[in-house]
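Enquirer: just need the structure, nothing else, for what follows:
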Amino acid sequence: MDSTSICVDQFKDELSDYTPDGEPVLDTFAEVQQIWHLWRRRYDLFLREGHRRIFSTASETQPEPEITTMSQFANVDMGFLSWHFKLLNGDGEDLAYINRAFRGFGREIFTDTGRYTVTFGPGAQGEGGELAPTTVLRHLTLDERALTLALAEMYVLPPYLANGALSYAELYAEILATYRSSPLSSASSVTMLVSTDVDALCAARMLSTLLQQDDIIHRIIPTPGFTELMEAADDAVSNPELRTLIMLNVGGILDLATEEWFGKAGPRLKIHIIDSARPLQLANYYEAPDVCVWDDGSVEKIGEQLHKSFDVTFTAPEYPSEDDESDTDSEDDEELEHSEDDDEDDFGERDSTSGKRRSLSHGDRSSKRRRTSRDRSGKMSREEYKFHQDTVTNYYNSGTSHAQSASATIYILATVLERVDNDLLWLAILGLTHQYITSRISREYYDTQQRIYDDEVSRLNPLPPDGALTSLNPDDASVRASDELRFMLFRHWTLYDAMFHSSYVASKLGIWKERGRKRLTGLLAKIGFSIGQTQQPYAHMDMDLKRDLVQKLNDVAPEYGLVELSYPSFMRCFGYKSQPLSAADAVEGISALMDVAGGVRIDVEVEGARNGGEWFGGGKAWEANAGREFAKKRRDGESSEQQQPEQTDGGQPAGAPSIANKEDLETKRTHNWWIKNFWTAYDALTDIGALRDALRLSMALHRAIIRQGTSIIDKQDIKTMQGYRVVILSQGPDLALFTHPSVLSRLAMWLVDALRDRIPSTTNPRTKKKSLPFVVACLNETTDTYMLVGVTAALDFGDVRKNEFSQTFLSARKKSHAETRHASFDMTVLELPQKDLKIFLDALCEGPDDDS
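Expert: Just a heads-up that it's a prediction; the model follows:
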């Protein structure tokens, strides 16, 4: 038996045959196979056909039955922890029922004991009559009944276990129990640290909903980077009432149990890590009893060798005496390296109170928390230890990637708790869509997850008549499956602008050149659209044109190399408040609010005309929710000057006290804009009016990206340095915009998509895979620093490469002794002083050392 199947045996020839050792010979006559699904319980039941028999003993490995010897008898497809199961034949007819009796929440969560009622034959009722109908199809044979009983006994743990022991539901139950065990301090005992990305934001909203349903008071703290995490660690250590810390896409790579982070809080603080980024810190996974990793099984899938190697390297090794000298030398070198780090100024990640530099690296740096040698006989040779050390190092150095989204993890939890609804499903879909459109996951992985969500959409929502994608009634909040074109916000923009601002179209047509723009116009003309129609807002286009758009594109676009114009996605209805909104459009709006709703000035177009002056709705500075207020006040006859005060560089109304000091201004902006942006985006998740307003901000952001990207290509600002493509932005009207890490990352990904088919690739010497490594740097004139983003892109559209710049940047920092700071939890994004940029890039192009 393996982890996904169970074979059903009977004694051979009625107990008459035994082995010479006295073991009875078993005859396999049936098998139950579990079909993998993210949160449903699916089983296929097989019976032996023919006269060929499969013999074994209890002490032997169960032989795998051949496909030709088994035929399917029934299947089961129910909710993940459903209490009632139906066995259906190939025609969907009922054969039998298994009802599981509820025996208390605590017993169901913390034990695998259960009481089942199995219903055979026509006319029988299940216990309580919950599922069993008045009749089933037919009487079952004895073999079929035995197989059904085997299914009832096959209790399968949730597919994803945390630390190999506790399921999501069990961990959530621990959070509830901890909260309720300390009623006097419960008001401040649960805190969520949430990264500033769409996936974490959706997960926070989902988990907050579940906690509210259980009457759990909690705090949500936006945590964009390591500096804020250090402040949270200091607060956690000094706050004795804090018992539970939930980290959403925050700190999964850090050894959080060390005293540098949360170790001083002791066992009173339980830390829960829900992080989609990989690799994860193995010390949290295997060696930290007070840290719970809500994993998707990715670590365990790597194999037992990684666990064994980590166990060896985490334990202080006993080297042979001849190696003592070399070990001492390496320790001296490490102490020297630490002393050099301590000599750096306050630019690096330092504890704001003690001034000590905190380690942001992984791997061997957790040695301060290493346990003493145990369960070890004799001494390990240095070669054996180096093998294990290389295994762990290769895991950490494999590059940054992403796995199951944090919102998907919370949705699985909600499914286990039987609390799913369209609101939670929609947020989980947004988390997956964000991963896909930001190239964090491959098309193959997205399609796998999308099919699972498609099943959930069908289960929770009735099929609309004739496949309609409009709201059926004023309260319609259903989610519907749909195909999404790879055109940016095309339902809210003109068709020409939507295609022009699409990175996929840009890569195929080369829209940064006049020839490429003519090809785009020619494509639209060949489809049958006039220039006037392509400049019309999509919502105002003729219905016949919109109805035939996809078919016409599929007929003509392949001539221009556009062969992947759509992908399966979802839309949600909002009653009569708004037209349905696609998941991709919602993610674009939320991302724009998170990135640039505040902290930088950006002009958006007012609906009505383009650059036509105030009377015709020309451009104006963006302000959250200003669109609806502006429209209302104009109806009341008020001027735009009265409804929106003039803004200064500091984001304050004219006449407010000015900030004379440039550093004070930057500090004020840094500490305010991202907090406001986070809560603006958080509220927009459930406010369709604010979300639709944010689409204009997203359009303005994409205009700036295309404007900057085409300028870079036209001016040939892309330099080739030892296989890297390097872009340095030091001037321009949008310079302040691209000092935001996420916006700079968007620009880097646009350049990669646009030039994927036009520049030669680079072969990684370690993985032998070809990729397009891009480094984009932008000058922050206020702080005299550069923000750097490294992107490792695949050659094929829809494929994803692990981003190896996290280790590449670390190696370059060591070589150049440059001062660096990670502005976010993305280790492929860093900030360094303007004076250190050249030496850092030179060290980067030299490549890593042979021993690193």
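
Enquirer: can we go C-alpha only for contacts and neighbour counts from here?
Expert: Noted.

Enquirer: which parts of the stretch 601-750 of the chain are strands?
Expert: 603-604, 620-621, 719-721, 724-729 (DSSP state E, counting those that start in this stretch).

Enquirer: and the second one, which strands flank it?
Expert: Strands that pair with strand 620-621, judged by DSSP bridges, come out as strand 603-604 (antiparallel).

Enquirer: touching the partner strand from outside, list them.
Expert: Outside strand 603-604, the residues within contact range by CA atoms under 8 Å, 6 or more residues apart in numbering are G619, K620, A621, W622, R696, L697, M699, A700.

Enquirer: ditto for stretch 723-740
Expert: Residues outside stretch 723-740 that contact it (CA under 8 Å, 6+ apart) are 595-596, 600-602, 704, 708, 712, 717-720, 743-744, 762, 772-781, 786-787, 845.

Enquirer: just the buried members of those residues?
Expert: The neighbour-count test (16 or more other CA atoms under 10 Å) marks 595-596, 600-602, 704, 708, 712, 718, 743-744, 762, 772-780, 786-787 as buried among these.

Enquirer: per-residue pLDDT, L248?
Expert: In the predicted model, L248 carries a pLDDT score of 96.

Enquirer: P289 is in what secondary structure piece?
Expert: P289 is part of no helix or strand, with elements assigned from DSSP states H and E.

Enquirer: could you report the neighbour count for it?
Expert: 14 (other CA atoms under 10 Å).

Enquirer: so how far is Y560 from it?
Expert: From P289 across to Y560, the span is 57 Å (CA to CA, to the nearest Å).

Enquirer: got it, and R572?
Expert: Distance from R572 to Y560, by CA to CA: 32 Å.

Enquirer: more neighbours: these two, which one.
Expert: Using other CA under 10 Å as the criterion, R572 and Y560 rank with R572 on top: 24 against 13.

Enquirer: if that one is in a bridge, with which residues?
Expert: The partner residues for R572, given DSSP bridges, come to V479, L581.

Enquirer: per-residue pLDDT, it?
Expert: Among the per-residue scores, R572 shows a pLDDT of 94.

Enquirer: touching, M206 and I429? I think so.
Expert: No: the pair M206 and I429 does not pass the contact test of CA atoms under 8 Å, sitting 11.8 Å apart.

Enquirer: who has more neighbours out of the two?
Expert: Legend: neighbour count by other CA under 10 Å for M206 and I429, higher for I429 (28 against 24).

Enquirer: out of everything not next to it in sequence, what's closest to V118?
Expert: I98 (4.6 Å; CA to CA, 6 or more residues apart in numbering).

Enquirer: before we move on, what about R443?
Expert: G798 (5.0 Å).

Enquirer: repeat that for S208.
Expert: Of all residues not flanking S208 in the chain, H218 sits nearest, at 7.9 Å (CA to CA, 6+ apart).

Enquirer: what's near enough to touch the one you found?
Expert: A187, S188, S189, V190, T191, M192, S208, L211.

Enquirer: tally of neighbours for L87?
Expert: So L87, with other CA under 10 Å, has 21 neighbours.

Enquirer: ok so it is a strand residue?
Expert: Yes: looking at L87 with DSSP: H, G, I helix; E, B strand; the rest coil, it is inside a strand.
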